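S.K.: need coordinates for the below:
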Amino acid sequence: MTSTIPMLLSFAMAAPGAGLGDVTVSEIHGVSATFSIVGVDRNAGTCGAAVASKYPDVGHVVPYVRADVGAFCTQHHHVPAWGERALDLLERGTRPESVLSQLLQDDDQAEQRQLGIIDMSGRTAVHNPTAAPENSRYWAAMTGRDYCCQGNTLAGREVVVAMARAFEDTSGSLSNRLMSALQAADAAGGDHRGRLAAGLRIAKRGVPGVWLELYTDHSDDAVRDLVRKYEQLPADLRQ
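M.R.: Residues are numbered from 1 along each chain as shown. The predicted structure follows:
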């Protein structure tokens with residue numbers, strides 16, 4: 001795989017998508033079996049998400065972030081159109097659990113979705129794919145102070161446990177903690193089908209759109225390649 005030079009990206013995200021009513025409840029954009037984590041640093045005013053999977057281009061369709069609002073992941077039978085919708089609701093002051101309830105209330109595939117969300121106060125909510133087929137198991141989620149991690153099609157329980165532990169035990173910036181969590185989950189077995197893609201998105205107070213994003217879209221060892229890209233960033237972008 002040819003690595004691209006990582007860049008700090010400060011630009012306005014695409015305008016928020018149409019409301020939930022414009023998404024048919026049976027829409028399945030793809031089945032992004034994956035593991036991910038959303039988190040915030042309340043003092044620094046950052047929020048972010050990191051994700052890895054055998055699913056191609058997973059970093060572009062699972063995580064969504066917005067400065068001063070929070071972060072959201074949609075996975076398993078994911079619905080990318082819900083990304084901006086979830087952040088819109090969060091920005092209006094809707095509690096995270098109510099955001100998920102509104103997204104899922106008329107969804108005939110609700111038990112195939114896995115969703116994780118966090119706001120800038122550190123409040124979290126998660127919805128698991130309780131009807132996931134056998135090849136999508138093991139699935140689980142864990143929440144803690146300022147983070148929520150979730151995964152499906154996992155090698156086992158230790159994947160989510162390792163992800164949570166690494167986030168809690170790592171010091172420094174939010175991006176450092178998210179990358180540490182992703183790396184730990186991958187080392188614990190990650191997606192049992194293999195490693196292909198990974199991504200990181202960070203939003204920062206006072207900066208419109210996505211402040212920092214890195215992707216590895218087609219790789220034999222996606223998380224390791226993403227870590228290499230992250231380590232190549234100037235120190236001030238990782239702090």
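S.K.: so what's Arg193 up against?
M.R.: Ala33, Lys54, Thr153 (C-beta atoms under 8 Å, 6 or more residues apart in numbering). Just so you know, the C-beta spots here come from the backbone N, C-alpha and C atoms, and that holds for glycine as well.
S.K.: do Thr216 as well
M.R.: Met1, Gly59, Ala197, Ala198, Gly199, Ala222, Val223, Asp225, Leu226, Lys229.
S.K.: how about the nearest residue to the second one, chain neighbours excluded?
M.R.: If the residues on either side of it in the chain are set aside, Gly59 comes closest to Gly199, at 1.6 Å by C-beta to C-beta, 6 or more residues apart in numbering.
S.K.: bridging residues for the one you found?
M.R.: Beta-bridge pairing of Gly199 under DSSP bridges involves Val51, Tyr215.
S.K.: which residues are in contact with it?
M.R.: 50-52, 58-60, 62-63, 213-216, 226.
S.K.: which of the contacts of Arg193 fall within helices?
M.R.: With DSSP state H as the criterion, helices contain none of the contacts of Arg193.
S.K.: now those residues in a markdown table, with pLDDT, neighbour count and distance to Asp41?
M.R.: Shown next, in a markdown table, are the contacts of Arg193 (pLDDT from 0 to 100; neighbours: other C-beta atoms under 10 Å; distance: C-beta to C-beta, whole Å):
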| residue | pLDDT | neighbour count | distance to Asp41 |
| --- | --- | --- | --- |
| Ala33 | 75 | 26 | 28 |
| Lys54 | 81 | 18 | 29 |
| Thr153 | 90 | 27 | 29 |
